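Visitor: quick one, fold the following:
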Amino acid sequence: MNTSGQEGMQEDAGRQNGKIPQDKRRIILIICYSVLVLSVITFISLFAAYLVILEQGEKEGGKEHEIVQEIPEEEQEEVLPPEEPPEITESGAEETVSGNEEEETEKEPEEEPEPRLPAKEYDPPAYDFTVEEVEISLPVSREYTFVWVSDVHMITDTVAGEGAEKEHISYLKQRRKTLPVDQNGKHSEELWPEIINYINYTFPDGVIFGGDIVDYCSARNMEVLKEGVAAMDPSIPLLYIRADHDYGNWYGDEDFTTGRVKKLHREIDGDDDQEKRLDFGEFLVLGINASTTKNMPVKQYDWLSIQLGEAAKADKPVILATHVPYASWTDPSLEELSRKVRNEIYYWGSSDPESRFIPEGKTWEFMLKLYEKDTIVRQVLCGHLHASWDGMISEVLPQHIFGPAFEGHLGLIRVVPNGEESGKARLLPALNNLLGSGTVSANQSSTHRNP
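Guide: Next up is the predicted model:
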């Protein structure tokens, strides 16, 4: 029997038994393995593609988030609701609203600050003060008022302190009889409560004590001074610039040291002996403490220079309060008045080599700042001379010197908006001639009796 015949018989027998031939089984297995491998490869490819797409989606989402974060809220476009169709009126006319027109919204009125009120109702002073009124025009929104008090030279001691030398006792008695007494013989100690009454009754925006309120520093003088300040309405700001008499401890009490003097002054108003100011937002009042010093301390000069520099940058006008006046480079009447009243040049800037008031060092440097044409200082206020004068000390800067309070003189300063007046008629040239004072300044001044 040949071989092929045997294989055919075996194949027929295998079909009959239900078995697949060996060659076909190999082919089927190869096909199955191939399909399985292709399925695995396809799955891996699809999964890898899914991961790539997912990663790209996260990156794009992050970028979008970052862009949204970088855009400020005010720069993002506002999504507006769709415009409503125009309304048709009964007459058939269309009522439309232009999208370019912005509807006016009613602004809520700004709440005005509550007016400052006195702690109680005050009676007018019984004393008939001579009130020197100075009007200063500044770019302000309302009128401000200030009361000026200087040169009270209050003496309350009836005897000199222990340890006082004989010449001091004699000098003290003489000053008590003559200096702090008005033309009607009223003593400054009696005037002091009336000054406080005038301040409270006027109820100004601020008070400036311009120096020499006491004639010298003693326990009794300081006690009376402190009582007067305590009687002032607590809502009135006080700027107290001291002068030589406020700090002077010349008439006795050997233990009345400079330290003790400073301590007593600090009990009154804190008394920072270098930095003095009142800031009203629209303008600034700067005070020069101890202005009788020939050479201003460097610390004080630096502080004043910073204040003037910052005010100039902010275009904030400055009113300068000092005790000792400054020389006028434009008006000789100040020198004439000083020699008449004091028999010498009694202000800073004298050209007289014998004068006590020749400025040195930082005092001179500060003066030069005042005389600059672009100075931010708009007005100088002072005392010391014991006589009234109003005029220009440079081409642009006015100065007012107030008469002494011991003679019944007080100052009333009105800061008014530019282009406005306080409403009182002023015959300035006539008043200047009548009072023997200087020429009319850029701002206005007048003298009257208190109502």
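Visitor: for the rest of this, base every contact and every neighbour count on C-alpha atoms.
Guide: Noted.
Visitor: any stretches of the stretch 151-300 of the chain with poor pLDDT?
Guide: Along the stretch 151-300 of the chain, segments meeting pLDDT under 70 span 160-167, 252-255.
Visitor: how about the helices in it?
Guide: Ranges of helices in the stretch 151-300 of the chain, per DSSP state H, counting those that start in this stretch, are 166-178, 188-202, 219-231, 244-247, 258-269, 298-313.
Visitor: packing partners of the shortest one?
Guide: Think helix 244-247. Helices and strands touching helix 244-247, by 3 or more Cα pairs under 8 Å, 6 or more residues apart in numbering; DSSP states H and E, are helix 258-269.
Visitor: taking helix 219-231 as reference, get the angle to the helix it packs on.
Guide: Helix 258-269 and helix 219-231 are oriented at 20 degrees to each other (axes from the mean of the first three to the mean of the last three Cα atoms, to 10 degrees).
Visitor: buried residues in helix 258-269, which are they?
Guide: Buried positions in helix 258-269, judged by neighbour count with 16 or more other Cα atoms under 10 Å: 261-262, 264-265, 268.
Visitor: using PDB, write out every CA atom in it.
Guide: This file holds the C-alpha atoms of helix 258-269, laid out as PDB (Å, rounded to 0.1, in the frame of the first residue of the first chain):
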ATOM      1  CA  THR A 258      16.300 123.600  82.700                       C
ATOM      2  CA  GLY A 259      15.100 120.000  83.200                       C
ATOM      3  CA  ARG A 260      12.400 121.100  85.600                       C
ATOM      4  CA  VAL A 261      11.400 123.900  83.300                       C
ATOM      5  CA  LYS A 262      10.900 121.500  80.400                       C
ATOM      6  CA  LYS A 263       9.000 119.100  82.600                       C
ATOM      7  CA  LEU A 264       6.500 121.800  83.600                       C
ATOM      8  CA  HIS A 265       6.000 122.700  80.000                       C
ATOM      9  CA  ARG A 266       5.400 119.100  78.900                       C
ATOM     10  CA  GLU A 267       2.700 118.900  81.500                       C
ATOM     11  CA  ILE A 268       0.800 121.600  79.600                       C
ATOM     12  CA  ASP A 269       0.700 120.300  76.000                       C
END
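Visitor: need the contact partners of stretch 273-286.
Guide: The contact list for stretch 273-286 (Cα atoms under 8 Å, 6 or more residues apart in numbering) reads 139-140, 237, 239-241, 287-290, 299-300, 303-304, 311, 316-321.
Visitor: ignore the last one, stretch 306-319
Guide: Residues contacting stretch 306-319 (Cα under 8 Å, 6+ apart): 138, 282-286, 376-381.
Visitor: as CSV, those residues with distance to residue 418 and neighbour count would be great.
Guide: Listed next are the contacts of stretch 306-319 as CSV, based on distance: Cα to Cα, whole Å; neighbours: other Cα atoms under 10 Å:
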residue, distance to residue 418, neighbour count
138, 5, 21
282, 13, 15
283, 13, 20
284, 16, 19
285, 18, 20
286, 21, 23
376, 16, 21
377, 16, 24
378, 12, 20
379, 14, 25
380, 18, 23
381, 19, 25
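Visitor: for those residues, which two are the farthest from each other?
Guide: Spatially, the most separated pair among those is 282 and 381, at 18.4 Å (Cα to Cα).
Visitor: what about residue 391, which SS state?
Guide: Secondary structure, DSSP: H, G, I helix; E, B strand; the rest coil: residue 391 is strand.
Visitor: give me the beta-bridge partners of it?
Guide: residue 399 (DSSP bridges).
Visitor: pretty sure it contacts residue 380?
Guide: No - counting by Cα atoms under 8 Å, residue 391 stays clear of residue 380, with 10.1 Å between them.
Visitor: give the residues shared as contacts by the two.
Guide: Here residue 391 and residue 380 have 398-400 as joint contacts, going by Cα under 8 Å, 6+ apart.
Visitor: of these, closest to residue 145?
Guide: Nearest to residue 145 among these, with distances taken as Cα to Cα, is residue 400, at 15.6 Å.
Visitor: got the CA coordinates for stretch 274-289 in CSV?
Guide: C-alpha atoms of stretch 274-289 as CSV (Å, rounded to 0.1, in the frame of the first residue of the first chain):
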residue,chain,number,x,y,z
GLN,A,274,11.7,121.0,68.1
GLU,A,275,8.6,120.0,66.1
LYS,A,276,5.5,122.3,66.1
ARG,A,277,2.7,122.1,63.6
LEU,A,278,-1.0,122.0,63.0
ASP,A,279,-2.1,120.2,59.8
PHE,A,280,-5.5,121.0,58.4
GLY,A,281,-5.2,118.9,55.3
GLU,A,282,-5.7,121.9,52.9
PHE,A,283,-2.8,123.9,54.5
LEU,A,284,-0.2,123.6,57.2
VAL,A,285,0.7,125.8,60.2
LEU,A,286,4.3,125.4,61.1
GLY,A,287,5.8,126.8,64.3
ILE,A,288,9.4,127.8,65.1
ASN,A,289,10.1,127.1,68.7
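Visitor: part of a helix, is residue 414?
Guide: No - Residue 414 is assigned strand when assessed by three-state DSSP, not a helix.
Visitor: can I assume it is in contact with residue 138?
Guide: No - counting by Cα under 8 Å, residue 414 does not reach residue 138; the two are 10.2 Å apart.
Visitor: what's the closest of the buried residues of helix 258-269 to residue 119?
Guide: For these, the closest approach to residue 119 (Cα to Cα) belongs to residue 268, at 19.7 Å.
Visitor: in space, what's closest to residue 326 - neighbours in sequence excluded?
Guide: Using Cα to Cα, 6 or more residues apart in numbering and skipping residues adjacent in sequence, the residue nearest residue 326 is residue 348, 4.8 Å away.
Visitor: how near is that neighbour to residue 153?
Guide: According to Cα to Cα, to the nearest Å, residue 348 and residue 153 sit 21 Å apart.
Visitor: how close does residue 355 get to residue 345?
Guide: 6 Å.
Visitor: picking up where we left off before, only the buried subset of the contacts of stretch 273-286, as a PyMOL command please.
Guide: The PyMOL command for the buried members of those (criterion: 16+ other Cα under 10 Å) is given here:
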select buried, resi 140+239+240+241+287+288+289+290+300+304+311+316+317+318+319+320+321
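Visitor: residues contacting residue 227?
Guide: Contacts for residue 227 (Cα under 8 Å, 6+ apart) come out as none.
Visitor: in stretch 190-204, what counts as buried?
Guide: Neighbour counts over stretch 190-204 (16+ other Cα under 10 Å) mark 191-204 as buried.
Visitor: phi, psi for residue 40 please.
Guide: Here is the backbone geometry of residue 40 (degrees, to the nearest 10): phi -60, psi -40.
Visitor: burial of it, as a residue count?
Guide: Using other Cα atoms under 10 Å, residue 40 has 12 other residues around it.
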